[in-house]
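Undergrad: Sequence and predicted structure are below.
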There are 2 protein chains.
Amino acid sequence: MMKLTDYSKLHKAFALIDELAAETSWPEHATPLNIRDADKKQFWPKGFSSGTRHAGIKPGSKRDLMIIKASGPASAAAVFTRNLCCAAPVTISKEHLLQPAPSIQAIVCNSGNANAATGEKGLKDARAMAEKTAEALGIGPEEVLVSSTGVIGDPLPMDKINRALDSFSAVLLEDPCTRTAEAIMTTDTFPKFFGLDISLSGGTARLCGIAKGSGMICPDMATMLAFLVTDAHIDRKTLQEMLTKANDRSFNTITVDGDTSTNDMAVLLSGPSGGVEILPGSEDAAIFHAALESLMIFLAKLIVRDGEGATKLVEILVEGAATDTDAGKAARTIANSNLVKTALHGEDANWGRIIAAAGRSGAVFDPEKVSITFDDLAILEPGYVSDFSEDRAKKILGRNSYTITVSLGNGPGKAVVRTCDLSKEYIEINGSYRT
Amino acid sequence: MMKLTDYSKLHKAFALIDELAAETSWPEHATPLNIRDADKKQFWPKGFSSGTRHAGIKPGSKRDLMIIKASGPASAAAVFTRNLCCAAPVTISKEHLLQPAPSIQAIVCNSGNANAATGEKGLKDARAMAEKTAEALGIGPEEVLVSSTGVIGDPLPMDKINRALDSFSAVLLEDPCTRTAEAIMTTDTFPKFFGLDISLSGGTARLCGIAKGSGMICPDMATMLAFLVTDAHIDRKTLQEMLTKANDRSFNTITVDGDTSTNDMAVLLSGPSGGVEILPGSEDAAIFHAALESLMIFLAKLIVRDGEGATKLVEILVEGAATDTDAGKAARTIANSNLVKTALHGEDANWGRIIAAAGRSGAVFDPEKVSITFDDLAILEPGYVSDFSEDRAKKILGRNSYTITVSLGNGPGKAVVRTCDLSKEYIEINGSYRT
């Protein structure tokens, strides 16, 4: 199995994750795990294990199929794409979660093929994936969540998938977090994973997550997947509330509202084997929620950092808007503007493009009151006063990550969107993805 | 003066304009002019002349200032950007047009600097440009429309502009259409101009236009300017109605609704010197309107064809939508999707990206009913049936221009948006535009 792993990608992951983790201020009670341990199967929270395969969906000898298994029925929460053309696995996973009393014990996910825009056959195939997985693990098909990512419009190669699923059984689920993250990659240049230990009144809980996504910075551009597991036991309603809220502050800050891909999905499984219990409304719940949000923001940043062809992670913070909605409009329009993103790439302090994007965003403000800073450097002051050191600006624009703050001077509204630069590599990658 | 012209760009213009004109079906009563004649000053309709200068706003020795002059008060119509941060010249031109009985005799436009996001000083400078022009031509300042295009946020170099304007006088307005179009270029790779003769009941009218814009395909990305002149005499109200309607079917089909740049402007001047008179509601008015619309669509296509780094002009036609509004949403989302645009560039028949973009556009439809054709080749049929010859698809995708038709199967709504591919050259151009 070892030959499947591309160690250069794994080492890139360790280096980038270490760098970003060091810059992160984690919430109180949350301790980041040593990321090198993610290569051991003991990294997973108690009650969870995983297995991966090279099914042959992706070319070459890469891992392209994974199962995450809970040792018993887990509490489950999920958020899904809002794209009208949602993929078959999204439909099937929703069905399984929407049962009156869902009992979820496994997630199966393949990369290399999205099983999207595949009609009736696609639904049949997604159901078959759940059934085969259930059979291999000795659980019910409705206890399996199904996920796919890759090319849209091609039928799943079910013979290959069935053959790989047949080879699974509970005892063979011995892969660590790192390899599981590897198996869900598409154009990602490194696997994305992280974990926290959380100190609660009843003991320590562990929370781990893997994610994938690059296809530019926005999940509207390519599939964003995140699978999170914790040994803490949290009731389903609280778990869903936490995931939905944390999702709004993490993965949704790298998406245009409603502009999700056909396959986007984030799942959180909790406490299959009697871990620390967290009661709704308790202080522990607040602590766990803060830790969950910080982990999801961390994974979201890893996705942006790995945006196709991206070399920089840039936070666009819009403040002083009339409302949060207005701030969000301005932040998203700036973050998605190709002209802004190419200027970020060229390390050009082109604030004119930033203000022009805000001006067409639909947010209401007086252009004369706008100010813009790059990290701590004032680039534009109210009244269109712009007198900054190009040298200092170049220094900031040369950083791997920095923040652009746009103050509209029109109220208390605020929003953050995380984006990346637009490079020639993006064109290279996407000009030839399908063929 | 001759050394200012880059003849390779002019020859590129002649070749591309010839090619596109040959593919165009012009309306009855409209005869395209021989485009090589645009290099002679007699190309302009009776009553119009133009002059250009190298003021030194742009680097090198390029033309960067132009005046179009009517021989007397013209009937004038205009449409302007809806960007909240509109540029100073837009504000001043609006003021001049909104007088109770506007009399417009000239348009002055510089390239290289947008005079946008320049505050009070910008307004003062735009007013000064109108005054200097008026002085040189012996007309009133409020008879001048002012326009600028180029970098946002830098103050206009008024000393250079004043020096150049001082050198103008009516007798020196001897430049042809070609050079006038050259003077308003920014990142355009060729000047854009065309003209029609229109047979009306009272004789022949001439209509000529120049345009600029590249900055990707969408005017939300960079300034789109168009200046049109005709010797036909049309009352102001009718002229404005015609321009607004024709604009919706031409320049607005290459823009995201409301997503205009800070400086966009299209102006139409009519009949300063007793040409054919066109009465409101007459058959002649209908004929002229059709010709105007076809010329504006032609200029719009030239802009897309010259999209920064663009190699292809692609019409996205969405039909079968519940409403025209829904069709417009889907067409614009497809046309602006970086993933679609990179696939067009890579000549990859990636219909999955097209349907995924439609799915997130907000348009309501049943994905199972969608069909997609590339020119006359069916790529996707209802029920997600896709079985086409990759060879035939490659052939179509290799063309300089083609049409992608997306039928949603949900009603009579229709919309067209014209787009181009996204290439590495776009990144090259925009990564270093300001500096």
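TA: Yes, it's here.
Undergrad: make it CA atoms for all contacts and neighbour counts henceforth
TA: Will do.
Undergrad: Grab the nearest non-local neighbour of the residue of the stretch 251-400 of chain A found nearest chain B.
TA: Per Cα to the nearest Cα, A:G346 is where the stretch 251-400 of chain A lies closest to chain B, at 4.2 Å. Among residues not flanking A:G346 along the chain, B:G431 sits closest, at 4.2 Å (Cα to Cα, 6 or more residues apart in numbering or on different chains).
Undergrad: A:A363 reaches A:G320, doesn't it?
TA: No. Here A:A363 does not reach A:G320: they are 11.1 Å apart, not a contact under Cα atoms under 8 Å.
Undergrad: Quickly list what's touching both of these two.
TA: A:A327 (Cα atoms under 8 Å, 6 or more residues apart in numbering or on different chains).
Undergrad: so how far is stretch A:153-167 from its chain's centroid?
TA: 25 Å (Cα atoms, centre = their mean, to the nearest Å).
Undergrad: Ok, stretch A:223-234 next?
TA: The answer for stretch A:223-234 is 11 Å, by Cα atoms, centre = their mean.
Undergrad: Likewise for stretch A:70-78?
TA: 20 Å.
Undergrad: Same question for stretch A:21-30.
TA: 18 Å.
Undergrad: How about the stretch 101-250 of chain A: which residue is closest to chain B?
TA: Counting by Cα to the nearest Cα, the stretch 101-250 of chain A gets nearest to chain B through A:I152 (4.9 Å).
Undergrad: Number of residues surrounding that residue?
TA: The local packing of A:I152 (other Cα atoms under 10 Å in any protein chain shown) involves 23 other residues.
Undergrad: Hmm, A:G119 and it touching each other?
TA: No. Here A:I152 lies out of contact with A:G119, judged by Cα under 8 Å, at a distance of 11.6 Å.
Undergrad: anything in contact with each of the two?
TA: With Cα under 8 Å, 6+ apart, A:I152 and A:G119 have no common neighbours.
Undergrad: so where's the stretch 101-250 of chain A uncertain?
TA: Along the stretch 101-250 of chain A, the model assigns pLDDT under 70 to residues A:170, A:214-222.
Undergrad: which stretches of it form helices?
TA: A:119-137, A:158-166, A:177-183, A:236-249 (DSSP state H, counting those that start in this stretch).
Undergrad: What residues of the first one count as buried?
TA: This points to helix A:119-137. A:119, A:122-123, A:125-135, A:137 (16 or more other Cα atoms under 10 Å in any protein chain shown).
Undergrad: just stretch A:90-105 next, same as before
TA: A:V90, A:T91, A:I92, A:S93, A:K94, A:H96, A:L97, A:P102, A:S103, A:I104, A:Q105.
Undergrad: The stretch 301-435 of chain A against chain B: which residues are in contact?
TA: A:338-339, A:342-348, A:350-353, A:355-356, A:359-361, A:364, A:367-368, A:383-384, A:422-424, A:427-428, A:430-432, A:434-435 (Cα under 8 Å from any Cα of the partner chain).
Undergrad: For A:S337, which non-adjacent residue is closest in space?
TA: Counting by Cα to Cα, 6+ apart, the residue nearest A:S337 is A:A357, at 6.9 Å.
Undergrad: name the helices or strands packed onto the host helix or strand of the one you found?
TA: Assigned by DSSP states H and E, A:A357 falls within helix A:351-359. Applying 3 or more Cα pairs under 8 Å, 6 or more residues apart in numbering or on different chains; DSSP states H and E, one finds that helix A:351-359 makes contact with helix A:324-336, helix A:338-345.
Undergrad: What strands line up against the longest strand seen in chain A, and which way round?
TA: Of all segments of type strand in chain A, defined using DSSP state E, the longest is strand A:65-80. Strand A:65-80 has its sheet partners listed here by DSSP bridges as strand A:48-53 (antiparallel), strand A:104-113 (antiparallel), strand A:265-270 (antiparallel).
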